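K.L.:
Sequence unavailable; structure follows:
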């Protein structure tokens, strides 16, 4: 099945819009945390949970409410998204760059220290004031360059310390979230086990009803279920004049056919079977 991902953002921050996106076949979502934190994205995640519940995906809604932190942490561990605006791979790269700066600055510092010693010795054997002033100026400039080298080294070390602390903090969060995710997986497995009997009964009823359909209709039904995320091949009328699957407007004549229940009505946009709300 083709995977369709949507990006949570201002244009789809409401549960109503997200419900339509799920109905249209959205199979997953992604969070762009380049300009915000996971905590700031909680309203969008809550809206997504509401949309999943409205779409009949109660299990998915519960998982979104309980696992969104853990899922975000896993994305961080894969180097995809930032948990708090800090990307681990970027931090490692920055540390390497700062180490290069340190090594370069140390090499320059050694050269400048040698020049300082040289100029200091030359000052002891000066024969005239003009030469003295010239060497004195060179000595002052070299001392200044040496101080700049030391400053670069100090700043780079501080940055490296900050990057390493950020990586350590992020690793701790990922560890906690992974533990939480494992616990939720166990909880989900328990729920699946507890509902196995009910699922078997529903599957048996499904086979019973499928036996009453002709091969062409059953094939179309299975194809639609396999191609949409919510697996809803049969939907009702939404809002009085729209398909409950894709939310496109239904023509008046088709509405009459649906209300009569005499023949099978297929949505011309998404291919779903549209039935009367009162149809059992």
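P.N.:
That came in fine, so what should we check first? Just so you know, these numbers come straight off a predicted model, no measurement behind them.
K.L.:
C-alpha from now on. contacts and neighbour counts both.
P.N.:
Fine.
K.L.:
What is whichever strand or helix holds residue 137 packed up against?
P.N.:
Residue 137 belongs to helix 129-194 when assigned by DSSP states H and E. Packing partners of helix 129-194 (3 or more Cα pairs under 8 Å, 6 or more residues apart in numbering; DSSP states H and E): helix 58-77, helix 88-123.
K.L.:
Between helix 88-123 and that helix, find me the angle.
P.N.:
With axes from the mean of the first three to the mean of the last three Cα atoms, to 10 degrees defining the directions, helix 129-194 sits at 170 degrees from helix 88-123.
K.L.:
Pick out the shakiest of the helices and strands packed on helix 129-194, pLDDT-wise.
P.N.:
Comparing mean pLDDT across the helices and strands packed on helix 129-194, the weakest is helix 58-77, with a mean of 47.
K.L.:
Just to be sure, residue 237 is in a strand?
P.N.:
Yes. The assignment for residue 237 by DSSP: H, G, I helix; E, B strand; the rest coil puts it in a strand.
K.L.:
Wait, it touches residue 272, no?
P.N.:
No. Residue 237 lies out of contact with residue 272 (Cα atoms under 8 Å); the separation is 11.2 Å.
K.L.:
If you count surrounding residues, which of these two has more?
P.N.:
For residue 237 and residue 272, the more surrounded residue by other Cα atoms under 10 Å is residue 272, and the numbers stand at 25 against 20.
K.L.:
burial measure for the residue nearest to that one when sequence neighbours are not counted, as a count.
P.N.:
Sequence neighbours aside, residue 233 is the residue nearest to residue 272 in space, at 5.1 Å (criterion: Cα to Cα, 6 or more residues apart in numbering). For residue 233, the neighbour count with other Cα under 10 Å is 20.
K.L.:
tell me the secondary structure for the residue of the chain most remote from its centre?
P.N.:
In the chain, counting by Cα atoms, centre = their mean, residue 127 sits farthest out from the average C-alpha position, at 72.6 Å. Here residue 127 is coil, with the state taken from three-state DSSP.
K.L.:
Specify the local secondary structure of residue 277.
P.N.:
Following three-state DSSP, residue 277 is assigned to coil.
K.L.:
in stretch 254-271, what counts as buried?
P.N.:
Going by neighbour count (16 or more other Cα atoms under 10 Å), the buried part of stretch 254-271 is 255, 257-259, 265-267, 270-271.
K.L.:
same deal with stretch 143-155?
P.N.:
143, 145-146, 149-150, 152-153.
K.L.:
what residue ranges in this structure score low on pLDDT?
P.N.:
Where the chain drops to pLDDT under 70, the residues are 1-3, 32-39, 56-89, 278-280.
K.L.:
Break it down into its domains, please.
P.N.:
With automatic domain parsing as the criterion, the domains of the chain are listed as 5-84, 88-164, 214-275.
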